[in-house]
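Participant: requesting a structural model of the entry that follows:
(one chain, ligands or ions: 2)
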Amino acid sequence: MLKEAQPVVSIRGVEMSFGHLKALAGVSLDLEQGACTGLIGPNGSGKSTLVNCLSGLLSPSAGSIVFEGKDITGSSLRSRAKTGLARNFQNLRLFDDLTVRENIAMSAGLAGGWKRASEKSVAEVGARFGLEADLDARVGDLSWGHRRRVELARVLNGEPRYVLLDEPGAGLDLSERRRLPGIIAELTAHGVGTLLVDHDMALISDVCQRVLVLRQGQLIFDGPPADAFRDAAVLECYLGERHVSA
Ligand SMILES: Nc1ncnc2c1ncn2[C@@H]1O[C@H](COP(=O)(O)OP(=O)(O)OP(=O)(O)O)[C@@H](O)[C@H]1O
Ligand SMILES: [Mg+2]
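Facilitator: Ligands and ions are numbered 1, 2, ... in the order given. Below is the predicted model of the structure:
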């Protein structure tokens, strides 16, 4: 019998409260290495909060997070980035006064020198996002779509071991969004798993074999994307109970 692969990330009973609001109400799940897992749910369902807890930006009110067998629940964003758990931000966090080249190279600093930001690697990863002509431009002077691409290039330049992508396509035009499946497939081909938060079910269905659905901080579905929109609880949370029973 084949031994089951160890999950790369294990989340157990994670809760996150903001005052009286429980943004995550006891989430438990395992994430597989080398695969893209989708994470969907209506606005405010807790997707970014879960990414924030996983990446160390927030410290969960309860529960545990294990990455590659190590309990990282209390460790910082920086130390998680060093271990190879990388993320982007739904609302971009770039250094506007620095150039594209400098922003992409920053991933090496985040990763604690684990990857040297050679000129070559920055230029290569920049080219994968169509940024060849912009490497010396100041990031603050670029359009939102361009800046989003700089952010994704920075994530990939750090040679992450697992990537948390919170709405990576937000603000990108159609041709820019078309790059995403290729980038994710490339990560998967190199054995790097991804958690992909997106509202675009076509993208999720294209790149994920598994999708997780959050509603009001609780996991209500875990299975193939094709089954998600046949699931009564998922339909109810997106369309309302009246439409499901009609
Ligand atoms: N720092 C915070 N302080 C207070 N409330 C917060 C904070 N961050 C998130 N929330 C609340 O927690 C809930 C979950 O928010 P979250 O941003 O995780 O949702 P989301 O699923 O990512 O939504 P969207 O699809 O709009 O990005 C929401 O009600 C939100 O208002
Ligand atoms: Mg969000």
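
Participant: distance of the closest residue to ligand 2 within the chain from K70?
Facilitator: Closest approach of the chain to ligand 2 (CB to the ion) occurs at S48, with a separation of 3.1 Å. In short, each C-beta sits where N, CA and C put it, glycine included. Distance, S48 to K70, by CB to CB, to the nearest Å: 24 Å.

Participant: now the phi/psi pair for the residue of the chain closest to ligand 2, please.
Facilitator: When quoted as degrees, to the nearest 10, the phi and psi of S48 stand at phi -70, psi -30.

Participant: quick check, it in contact with D166.
Facilitator: Yes: with contact defined as CB atoms under 8 Å, S48 reaches D166; the gap is 5.5 Å.

Participant: mean confidence for the longest helix seen in the chain?
Facilitator: With DSSP state H setting the assignment, residue counts place helix 144-157 as the longest helix in the chain. For helix 144-157, mean pLDDT rounds to 87.

Participant: okay, now the sheet partners of the next helix or strand after that helix, with direction.
Facilitator: Under the assignment DSSP states H and E, the closest C-terminal helix or strand after helix 144-157 is strand 162-166. Partner strands for strand 162-166, per DSSP bridges, with pairing direction: strand 85-87 (parallel), strand 193-197 (parallel).

Participant: need the contact partners of the first one.
Facilitator: The set of residues external to strand 85-87 that reach it, using CB atoms under 8 Å, 6 or more residues apart in numbering, is 9, 51, 54-56, 67, 72, 81, 107, 110, 155, 158, 160-166.

Participant: specify the angle between the helix or strand harbouring I184 and helix 144-157 in degrees.
Facilitator: Following DSSP H and E, the helix or strand that holds I184 is helix 179-189. Between helix 179-189 and helix 144-157, the angle formed by their directions is 10 degrees, by axes from the mean of the first three to the mean of the last three CA atoms, to 10 degrees.

Participant: mean confidence for helix 179-189?
Facilitator: In this model, helix 179-189 carries a mean pLDDT of 87.

Participant: please apply the same query to stretch 98-118.
Facilitator: Mean pLDDT, taken over the full extent of stretch 98-118, equals 69.

Participant: rewinding a little: pull the CA atoms of the longest helix of the chain into PDB?
Facilitator: Written as PDB, here are the backbone C-alpha positions of helix 144-157 (Å, rounded to 0.1, in the frame of the first residue of the first chain):
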ATOM      1  CA  TRP A 144      -2.000  48.800 -10.600                       C
ATOM      2  CA  GLY A 145      -1.700  45.900 -13.000                       C
ATOM      3  CA  HIS A 146       2.000  46.400 -13.500                       C
ATOM      4  CA  ARG A 147       2.500  46.700  -9.700                       C
ATOM      5  CA  ARG A 148       0.600  43.500  -9.200                       C
ATOM      6  CA  ARG A 149       3.000  41.800 -11.600                       C
ATOM      7  CA  VAL A 150       6.000  43.200  -9.700                       C
ATOM      8  CA  GLU A 151       4.500  41.800  -6.500                       C
ATOM      9  CA  LEU A 152       4.100  38.300  -8.000                       C
ATOM     10  CA  ALA A 153       7.600  38.500  -9.400                       C
ATOM     11  CA  ARG A 154       8.900  39.300  -6.000                       C
ATOM     12  CA  VAL A 155       7.100  36.300  -4.500                       C
ATOM     13  CA  LEU A 156       8.500  33.900  -7.100                       C
ATOM     14  CA  ASN A 157      12.100  35.300  -7.000                       C
END
